[in-house]
Structure formats: structure tokens, C-alpha cells
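A.B. asks: Using only what follows, build the 3D model:
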Amino acid sequence: MNRKYREIDSIVRGLNNATDAHFKWLVKVLRFVARRDAELPEISCSNAWQHCEFGRWLRTQLTGEGGDKNYLLDIDKKHIAVHQACRELIITLDNDTHSPANFERFETALLGFTDALTRYKVHLLQLRTSYDALTGQPLRRILDESFDSMNDQYSDNGLFLMLIDVDHFKKVNDTYGHLAGDCVLRALAINLEDNIRRAESVYRYGGEEFIVLLQAENSRAATLAAEKIRRAIAMVETVAGEHRIRVTLTAGLTRVHKGEPLREVLERADMALYKGKHGGRNCTMLINRHLDCLNVSA
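C.D. replies: Predicted coordinates:
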């Protein structure tokens, strides 16, 4: 399953656990005020936010390389404000100098913290829905959003788009059932990921179609990479209940040119794929910007 898909699930679980821990921290605050039988660093220290369970989780997230830093930094700011307002309130309670303003500051800090958490959770859930639930691969929306930046970053060194279609997939569903077809697609997604480099990407385009973005210096290197993928998939035997199923792929492969919109790249790759489908399937068709097409599997 796609690494990013797993990471999102892991972040959501960690965030939920850390949030639950902070609600428990509020109960600790009440006990601390009522009993005062022990000092608790996560409440009484001047840097209390670093000692609570949520703070430890948050620091771990902030040291990562994810694209959620703005959300996390906002949560960090609001989290610190909660602890500061809480400590200030406790000190005024001890000194019997508290006022409604102390409680209002604590309430405002808590609401701000909750709002920051909610916005981050909404962001994560929206991101989560951009990944295919069956295969774990990012959907077309992710490609649409990231394509221009990838084009800028990689096209000078060589970026190729490979549009893949599973041959005779309807026959798989008709013969073995849709659940078996789902098994084939899940296995295909895993094997596509296993046969690309970490910096390359796989997307579920729709139905039995996938897109792979390959980094290659030239057409020869790209066709070698594409053919490696096609041959590897043809060797895979998917176990679905009592059935053992093999499938083949047909692919349209084309270079991504600097500044070229995704729509044009996909149209060209789809044209090559169409020719491959009507030329016998189980092949990779390379197409250039002039729409010259070559079967590199022949």
C-alpha cells in the first residue's frame, strides 16, 4: 500500500491518541488544584507544554519532513498558549488573586487549541480521500495538484509519464468475480510500487488504469524502466481464494516537456495506449511530441 497513505493513517491515529491524552491532562489539572500533593511538570513547569504527552507527540511531528508544517506550527503555538494560561490561572488561584479574566484567557486558549486541531484533522481527512481506498494509491486529484511542481523540478533531467491499462480486465471480473478483480488491482499496485524508485510515483487513474511517473535521462532509459515494470507484472501470480490469476499490461509512454500541461501529456500517452491495445496488447508504446509511435516491446 502506498507509503503516504499509510503515513496519513498513522498521523491520524497519533493525533487522536495525543488529543485524548490532553483531555486527560485537563483532569490532571483539576486534581492538581484540588490536592497539591505532588508537583507535575506538565502543569507547573514554566515550559510545561514540553512535558505533556501531546507536546512530545507534536515535537516528533515537527522534526519530520511532511508538508503539514504550517498546521503543526499553529497547533504548537496554541498548545503553548493553553499551558501558559493554565499555569497563570493556577498561580492566581494559589495567591487568591484570580479574576474572571484569568478564566477567560484559559478558555480562549483552549478554544484556539481545539480549533487548530480541528483544522488539521479536516486537512488530513481531505488528503486521505485523495487516495484510493482499494489500492492505497493517490488519485488523479493528487497528480493534478502536484504535476506542475514535478514538471519544474524533474523535466530538465528527464521525466516520463507511463499510462497503464490491465489487459482483458473485464474478463477477469466476469470469470473470477469482482472480489478477485479487486485482489488483482491491489496486487498490481503493490508490484508497481516495488518496481519503481522512491522518488517516482504511482497513481490510480481510474478503473484498471494506473499512471507511473518515471525519472529517466532519455527515451531509451525510460523504455527500459517501463519494460521492466511490464515484464515484472506479467510474472506475478495473484492468489484470490482458490484462483491463481496472471494479468498483462499495455502502456503508453511519453516524455514530459518543460512547462507542458498534464492534459497534453495524458492525451499523448492515451493515444499510444490505444495503439498498443489495438496492436495486440501486452506491450509498451513510446510516443513523442510529434505523435510518432513505436512499440518498444517488439
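A.B. asks: rest of the way, CA atoms for contacts and neighbours
C.D. replies: Will do.
A.B. asks: Residue 48 contacts residue 41, doesn't it?
C.D. replies: Yes. Counting by CA atoms under 8 Å, residue 41 is a contact partner of residue 48 at 5.8 Å.
A.B. asks: These two: which is more packed in?
C.D. replies: For residue 48 and residue 41, the more surrounded residue by other CA atoms under 10 Å is residue 48, and the numbers stand at 19 against 14.
A.B. asks: Against residue 97, how distant is that one?
C.D. replies: Distance of residue 48 to residue 97, computed by CA to CA, to the nearest Å: 22 Å.
A.B. asks: Roughly how far does the closest residue to residue 283 other than its chain neighbours sit from residue 6?
C.D. replies: Excluding its sequence neighbours, the residue lying closest to residue 283 (CA to CA, 6 or more residues apart in numbering) is residue 250, at 4.9 Å. Note on residue 250: its distance to residue 6, by CA to CA, is 28 Å.
A.B. asks: So those two - more neighbours on which side?
C.D. replies: More crowded of residue 250 and residue 6, by other CA under 10 Å: residue 250, with 25 against 12.
A.B. asks: quick one: that one is in a strand?
C.D. replies: Yes. With DSSP: H, G, I helix; E, B strand; the rest coil as the criterion, residue 250 is part of a strand.
A.B. asks: can I assume it is in contact with residue 273?
C.D. replies: Yes. With contacts counted by CA under 8 Å, residue 250 reaches residue 273, the gap being 6.6 Å.
A.B. asks: between these two, what contacts are shared?
C.D. replies: 164, 165, 284, 285 (CA atoms under 8 Å, 6 or more residues apart in numbering).
A.B. asks: Look up the closest residue to the last one, ignoring the ones flanking it.
C.D. replies: This points to residue 285. Excluding its sequence neighbours, the residue lying closest to residue 285 (CA to CA, 6+ apart) is residue 295, at 4.5 Å.
A.B. asks: Could you do residue 56 as well?
C.D. replies: Setting aside the residues directly before and after it, residue 56 is nearest to residue 50 in space (CA to CA, 6+ apart), at 6.4 Å.
A.B. asks: which helix in the chain runs the most residues?
C.D. replies: helix 3-35 (DSSP state H).
A.B. asks: Figure out the helix or strand that residue 72 lives in.
C.D. replies: Secondary-structure element containing residue 72, defined by DSSP states H and E: helix 69-94.
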